[in-house]
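Colleague: Structure of the sequence below:
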Amino acid sequence: MGDFALGWQGRSEGPRLYGTQLSIARKVLAGKVTVYLLNLGDAEKAVRLSLRGEAPNRGWFKYSVDETALGEPSFQLVPQAVTCRPAGNVLEAEITLPARSLAAVSTYHLTPDGPGMTAE
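Modeller: Next comes the predicted model:
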């Protein structure tokens, strides 16, 4: 997979996003991409991801958990489909992050009842 760049924009009570409230990282492995988003703020955040370059134009899924869900005995990390809009060599997606949550947006599709992934 060639060059791949990630951009993001978020809103928090206006057009500014405070860096202490949102952290972002990405991982590219064997043609699969995963972007991790950590919202440390006390309010949900609307985030727009811009995936530039040779980002895979295939199924993307969001996995998200917050503090409340982690305390539930029946909690399962279930993938939610993410709609990416292509525009030239850019894919854009709008994602809402709950307050105090961790999310991963990935081309991996792993379900609670699936076999998982043991090797690439």
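
Colleague: From now on I want contacts and neighbour counts done on CA atoms only, so please keep to that.
Modeller: Noted.

Colleague: Quick check: which ranges of the chain have low pLDDT?
Modeller: Low-confidence regions of the chain, defined by pLDDT under 70, span residues 1-28, 53-57, 117-120.

Colleague: And the strands in it, which stretches?
Modeller: 4-11, 22-29, 32-39, 45-53, 60-66, 80-82, 85-87, 90-97, 101-106 (DSSP state E).

Colleague: To residue 72, which of those lies closest?
Modeller: For the strands of the chain, distance to residue 72 was read as C-alpha to C-alpha. The smallest value, 10.6 Å, belongs to strand 60-66.

Colleague: Check which helices and strands that closest one is in contact with.
Modeller: The helices and strands touching strand 60-66, judged by 3 or more C-alpha pairs under 8 Å, 6 or more residues apart in numbering; DSSP states H and E, are strand 80-82, strand 101-106.
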